[in-house]
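Q: sequence and computational prediction follow.
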Amino acid sequence: MKLLSKSELKQSFRNNRGLWMIMTGVVCFFVVVMTAVMPGMIDSGGAAGQGRPGGMGNVTMLEMYRNMIFGMMGIILMLIYAIATGNKLVVNEVDRGTMSFTLNTPVTRRQVIFSKALFYIVSLVTMCVTIGLVASGMSALMGVGLDYGKFWLLISGFTLYGLAVSGICFAASCWFDKSGQALMIGAGLPVAFFVLNSLSSLDGLGFLKYFSLNTLFDTAAVVSGGSFAGAFIAMFAIAMALYIAGINKFLKKDLPL
Amino acid sequence: MREKTDKIAGTFDEEIIRVKNLTKDYGQNRGVFDISFNVKKGEIFGFLGPNGAGKTTTIRHLLGFSRPQSGATEILGLDCWKHPEKVQERLGYLAGEIAFPDNMTGWQFIKQIAERRGMSDLKPAQDLCEYFQLKPHGELKRMSKGMKQKTALVIAFMHDADTIILDEPTSGLDPLMQDRFCQLVAREKTKGKTILMSSHMFDEVEKTCDRVAIIKQGKIIAQIGMNEIKHNKDKEYEIRFKTKEQAESFAKLKFRITGEKFEKNRVNVLINNAEWDVVIAEIHKRNVEYMSEIKFTLEKYFMNYYKEDDKNEAAV
């Protein structure tokens, strides 16, 4: 049985490429500027402990990327993309009723939802890979010593985190019939996780990390060579489970079209 | 024309749309409850009822959007929930509430749906646009309600589906276009298409449909062929007598009196063709100022049903 619809994939691409380009573009622009400006301010080659006076201390390029992309900018912009796109892909079409046209063709529900899930996953992966390639290329160009192995591990974690978050958005989008309700969960949970994770770095609030998905993307462990594989596998499993749950629900539910 | 219609009516044998004991309870008396009806090949079937009566709920089941709680819906012998893709290949649909995607022109959208249906020839869509005087090259979101409705009608009819389901097809259309729509339905009927249309407009149902089901609070309370309405043997007349006494004495006779306004010397009476001799004899004994037939319309039939049903409910 055919699982995908070319026309549905094309349509998803056409509808969402704008936001993808903006979000990816902004992160990449940020990476380019940061990489171009930073070499004068950091220790290249990871010469830890020999920071220059007046500079950024013993911060390596990897640490810079870790804090700026995977700690802040990249995460936030990816969240915005994931939330907006997740909502637009499914529940928005159901809530507004535009999906009735799609389903009044030989394109099946199954093809519609698998195509949308595939587009969503591929768009997030390409977003992360693009950011990774731009950062790697720029670092090579500027001659800043970047630990590429660890950097791409961070990119992998970033991708898995993106997939887990998109799983939440996607499942909510498939589960609910109203955009507003889907957003409560699809946007509410990822944002709450982000906030809880930020708060958990404060004194006395460390316990909050146990309530946040973001804890699983432990950038510090990756950089310091600690254990992270379990967390990465957990993010992958969460993503899979949520996508499967969403697809299942969508295939079985009554559509108010 | 009637001869032609009746000829086609005579060929109604294969049941294309089947609704079998369909129940979907949304709670608080909303939904549909054990409804059944069939639409035969080449038949135009009207689905009549006020808002919230369950028309759209039934249609959602026929489109395979909803799973029946109990009972089943079938189109062309295929279960609509289990095999929607096979059903959809041969189905045209117009939704009751039309919503189009943003940032597209009407024509781009028509092309997109055509592509999904695997249509390579867009000539039928162009012809339909011309027929409805629709210029589809404008942005969908800037279109008026009527233009959107026309665009959706083009999409419902353009792939020459054997079965067409229309949920309130003429809403937003001006009278001229409503008329065009009725002509289109008549034309499709001659091609042997089976059409189910829901409506709360008696006029269009009366003009287009062969048979009508009346739905109220999720239950089908009547099904009637339009011929029964058009060729009803009981005809209602309004008779105005010279004096109040004459009207009163006429009303006391054993005729089926349907209404009276003695202060205006008026009596309404239902007369069967077989009763004419007696009626005329009685009228002859009195002085009549005028007598006029009150046309029996679908609307009247429908209203009677609703009133009777309400009375029954009150009695229960």
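A: Received, thanks.
Q: close to chain B: what parts of the stretch 1-150 of chain A are there?
A: Along the stretch 1-150 of chain A, the residues adjacent to chain B under the rule C-beta under 8 Å from any C-beta of the partner chain are A:5, A:7-8, A:11, A:15, A:93, A:96-98, A:100-109. Any C-beta I mention is one placed from the backbone N, CA and C, and that applies to glycine too.
Q: just the ones of those residues in helices?
A: A:7-8, A:11, A:15, A:93, A:96, A:100-103, A:109 (DSSP state H).
Q: could I get those residues as JSON lines with pLDDT and neighbour count?
A: Shown next, in JSON lines, are these (pLDDT from 0 to 100; neighbours: other C-beta atoms under 10 Å in any protein chain shown):
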{"residue": "A:7", "pLDDT": "87", "neighbour count": "19"}
{"residue": "A:8", "pLDDT": "90", "neighbour count": "21"}
{"residue": "A:11", "pLDDT": "89", "neighbour count": "21"}
{"residue": "A:15", "pLDDT": "90", "neighbour count": "19"}
{"residue": "A:93", "pLDDT": "93", "neighbour count": "24"}
{"residue": "A:96", "pLDDT": "92", "neighbour count": "16"}
{"residue": "A:100", "pLDDT": "91", "neighbour count": "25"}
{"residue": "A:101", "pLDDT": "91", "neighbour count": "23"}
{"residue": "A:102", "pLDDT": "90", "neighbour count": "22"}
{"residue": "A:103", "pLDDT": "90", "neighbour count": "22"}
{"residue": "A:109", "pLDDT": "92", "neighbour count": "20"}
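Q: from the residues you listed, which is closest to residue B:171?
A: Of all those, residue B:171 sits closest to residue A:100, with 15.6 Å by C-beta to C-beta.
Q: mind listing what the nearest residue to the closest one once chain neighbours are set aside touches?
A: When the adjacent residues along the chain are set aside, residue A:100 lies closest to residue A:257, with 3.9 Å between them (C-beta to C-beta, 6 or more residues apart in numbering or on different chains). Contacts for residue A:257 (C-beta atoms under 8 Å, 6 or more residues apart in numbering or on different chains) come out as A:94, A:97, A:99-100, A:103, B:60, B:63, B:65, B:95.
Q: closest to residue B:191 out of those residues?
A: The nearest member of those to residue B:191, counting by C-beta to C-beta, is residue B:63 at 21.9 Å.
Q: I'd guessed that closest one sits against residue B:81; true?
A: No. With contact defined as C-beta atoms under 8 Å, residue B:63 does not reach residue B:81; the gap is 9.8 Å.
Q: tell me which of these two has more neighbours.
A: Neighbour comparison, residue B:63 and residue B:81: the larger count goes to residue B:63, with 25 against 19 (by other C-beta atoms under 10 Å in any protein chain shown).
Q: distance check, that one against residue B:268.
A: As judged by C-beta to C-beta, to the nearest Å, residue B:63 and residue B:268 stand 44 Å apart.
Q: cool, and residue B:44?
A: Residue B:44 is 32 Å from residue B:268, where distance means C-beta to C-beta.
Q: and what of residue B:70?
A: In terms of C-beta to C-beta, residue B:70 sits 44 Å off from residue B:268.
Q: do you know how far residue B:166 is from residue B:186?
A: Counting by C-beta to C-beta, the gap from residue B:166 to residue B:186 is 14 Å.
Q: ugh, wrong one, residue B:138
A: Distance from residue B:138 to residue B:186, by C-beta to C-beta: 29 Å.
Q: so where do the helices sit in chain A?
A: Secondary structure of chain A (DSSP H): helices located at A:6-37, A:61-68, A:74-89, A:91-96, A:99-103, A:109-142, A:148-175, A:179-186, A:188-199, A:219-224, A:229-252.
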